[in-house]
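Novice: mind looking at a prediction? Sequence and model below.
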Amino acid sequence: MILHTTVVEVPTGVCRQFYTFMLTCTDEQYQAWWPGTHLAWHTRVDRPGKLGNVVYFDEYVGQRRLKLEVVVKEIVPDRRIVWQLKKWALLPAWLILEFADTPDGIKVTHTLAIGFQGIGRALDLLLRLYFSAGYAKDLDEHARTEFPKLASMLSRIQENQLHTAGVK
């Protein structure tokens with residue numbers, strides 16, 4: 001199993017906002033989050049409670065363009081979301097986002113878990129060809145850039161909503 005984890009401290013981040021955004025995001029919101037890098041994120045299959053939702057995403061990580069579906073496999077409200085990647089079928093790959101409050105904001109833990117269990121672990125060597133050191137570096141940089149951008153965007157949305165409601 002290949003595990004790649006990036007931890008990002010996000011001042012001003014709020015767990016509930018990040019969690020809710022990731023489960024309800026639209027293409028327009030995703031593109032506003034990081035224009036030119038985040039291209040699409042929308043729910044194709046929406047299930048009650050969000051568990052089992054199928055989400056399509058399209059983004060750049062470094063020079064690589066990723067176009068996949070992900071299936072929500074686990075949720076812990078305001079704390080954790082696990083998606084399993086899907087191309088034509090479910091892949092042995094999971095994206096895990098965990099959110100934890102800190103005195104200054106939140107800590108986002110972004111984990112990509114790729115690989116097989118049991119005898120299939122021998123195939124993990126082939127997965128290393130795709131998940132190279134360069135890709136790992138790009139993924140770290142991507143996560144360290146995107147989550148502060150998300151906090152900034154969500155803060156602007158909240159300020160606009162308060163202003164529209166007449167709250168100063």
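Specialist: Looks like it came in fine. Not measured: the values here are computed from a predicted model. Numbering: from 1, shown residues only.
Novice: centre of the chain to the biggest helix by length in the chain, how far?
Specialist: Of all the elements of type helix in the chain, the one with the most residues (DSSP state H) is helix 133-164. The chain centre lies 11 Å from the centre of helix 133-164; the measure is C-alpha atoms, centre = their mean, to the nearest Å.
Novice: mean confidence for that helix?
Specialist: Across helix 133-164, pLDDT averages out at 85.
Novice: what's that helix packed up against?
Specialist: Counting contacts by 3 or more C-beta pairs under 8 Å, 6 or more residues apart in numbering; DSSP states H and E, helix 133-164 packs against strand 2-11, helix 15-24, helix 27-33, strand 54-61, strand 105-114. For every residue, glycine as well, the C-beta is placed using N, CA and C.
Novice: how about low-confidence regions in the protein?
Specialist: By pLDDT under 70, the low-scoring segments of the chain are 116-131, 158-168.
Novice: which ones are touching R80?
Specialist: 74, 96-99 (C-beta atoms under 8 Å, 6 or more residues apart in numbering).
Novice: nearest to E59 among those?
Specialist: Using C-beta to C-beta, the shortest approach to E59 within the contacts of R80 belongs to L97, at 14.4 Å.
Novice: buried stuff in stretch 75-83?
Specialist: For stretch 75-83, burial by neighbour count (16 or more other C-beta atoms under 10 Å) applies to 75, 78, 81-83.
Novice: farthest-separated two in the residues you listed?
Specialist: D78 and W83 (16.6 Å).
Novice: save the contacts of R80 as TSV, and put in neighbour count too.
Specialist: Below are the contacts of R80 laid out as TSV (neighbours: other C-beta atoms under 10 Å):
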residue	neighbour count
E74	12
I96	17
L97	18
E98	19
F99	23
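Novice: would you turn those residues into CSV with distance to K149?
Specialist: Formatted as CSV, the contacts of R80 follow (distance: C-beta to C-beta, whole Å):
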residue, distance to K149
E74, 25
I96, 20
L97, 15
E98, 19
F99, 16
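Novice: check contacts around R144.
Specialist: Counted by C-beta under 8 Å, 6+ apart, R144 has contacts 6, 8.
Novice: all set now, cheers.
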